[in-house]
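Asker: Predicted model, plus sequence, below.
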Amino acid sequence: MQTGPNNLITDIAGLRVGHAQDDTLKSGASVLIGAAPFTCGVSVMGGAPGTRETDLLAPDKTVQQVDALTLSGGSAFGLDASSGVADALRHQGRGFPVGDQTVPIVPGAILFDLLNGGDKSWGDNPYKALGAAALAAADTEFALGSLGAGTGCTLASHIGGLGSASIILPSGHTVGALVAVNALGDASPDGQHFWAAPWEIDAEFGGRGLLPNAPTTLPNTKLSSHNTTIAIVATDAALTQAQCTRMATAAHDGMARALVPSHTPMDGDLIFGVSTDAKPLSDEIADTLWIGHAAATCLARAIARGVWHATPKPGDLLPCMNP
């Protein structure tokens, strides 16, 4: 398999990603927006999720498509990032039509970064403005590491970050991932080698190779509730909402490959699954199987890339893995 031209989720035509952050706050928000509403499902496997409008994404619910997705720091305060995006989209005339009203559908998920050394003594919740600013910055190319929802991310031993990756399947379908890595565990067992190394393409996170020996001790953890890795996996394949949910569920394998441990009672690990419906399936069983596999592989790589591209900033409580 090969990556898309930019090795980003935006290698899927029609998708754009925007970021906004406050380095004094040590937090931020990221937005995924499409040229048109996109089909969306969700899979939650962590024990402590923080979400907005995810109940709407069940396949039996009325609304099958959404206008945008937000990933944000700030714990429960960060859910307001979706409000900033929704307000801006309403002004643009985008949303679900209800009589003479238009209601943008903007599900979101948050991670806990309130104890990462940043100044959290705000008077008014800053995340609504961060969400709007991230939407305004949306583009097909973007940086990785310490920006957007990845700004204040941490792992047990290192700074986390914002990662992305893509794959083009032999079927011609593109699959991509976007993730904010803020896990209870670690992306590396020894500070040198990534758990995700078996799936690395073209030294995209340093080419450090495989771990020489299997670990013989328990992995490092924060052993706290200050966690959660939140992600989006997307494809241009024409999937139903149920199939998007299955893709997101399969992608959790990638999270478990790249972060040890994953899906703990103190992580809110969550993945949105997105389809732009651009390319039909030629073989439903085979195509959906390989799309799920690609989503897991992309997410594992995106997690390692987010950690690899993190950069040190004043007040950090942990080192970067690639200083």
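Answerer: It's in.

Asker: CA only for contacts and neighbour counts going forward, please
Answerer: Will do.

Asker: Going by neighbour count, list what's buried in the helix or strand containing Ala300.
Answerer: Per DSSP states H and E: Ala300 is located in helix 284-308. Within helix 284-308, the residues that count as buried by 16 or more other Cα atoms under 10 Å are 287-288, 290-308.

Asker: Would you mind listing the residues in contact with Tyr127?
Answerer: Counting by Cα atoms under 8 Å, 6 or more residues apart in numbering, Tyr127 touches 28-29, 74, 77-81, 84.

Asker: swap in Ala138?
Answerer: Contacts of Ala138 by Cα under 8 Å, 6+ apart are 16-19, 31-33.

Asker: and if you look at Pro170?
Answerer: Met1.

Asker: Not counting sequence-adjacent ones, nearest residue to Leu270?
Answerer: Leaving aside its chain neighbours, Leu270 sits nearest to Val44 (4.4 Å; criterion: Cα to Cα, 6 or more residues apart in numbering).

Asker: Report the separation between the one you found and Ala68.
Answerer: Distance of Val44 to Ala68, computed by Cα to Cα, to the nearest Å: 18 Å.

Asker: Looking at those two, which one has more neighbours?
Answerer: Ala68 (28 against 21; other Cα atoms under 10 Å).

Asker: Give me the distance from the helix or strand hosting the more buried one to the chain's centre.
Answerer: For Ala68, the host element (DSSP H and E) is strand 65-72. How far strand 65-72 lies from its chain's middle: 11 Å, per Cα atoms, centre = their mean, to the nearest Å.

Asker: Which strands or helices does that strand pack on?
Answerer: On a contact count with 3 or more Cα pairs under 8 Å, 6 or more residues apart in numbering; DSSP states H and E, strand 65-72 meets strand 27-44, helix 81-91, strand 108-110.

Asker: For Lys279, give the beta-bridge partners.
Answerer: Note on Lys279: beta-bridge partners by DSSP bridges are Ala237.

Asker: My guess is it contacts Thr174. True?
Answerer: No: under the criterion of Cα atoms under 8 Å, Lys279 is not in contact with Thr174, lying 9.5 Å apart.

Asker: Which residue is the nearest non-sequential neighbour of Lys120?
Answerer: Leu25 (5.9 Å).

Asker: Starting from the strand holding Ala68, tell me which strands it pairs with and how they run.
Answerer: strand 27-44 (antiparallel), strand 108-110 (parallel).
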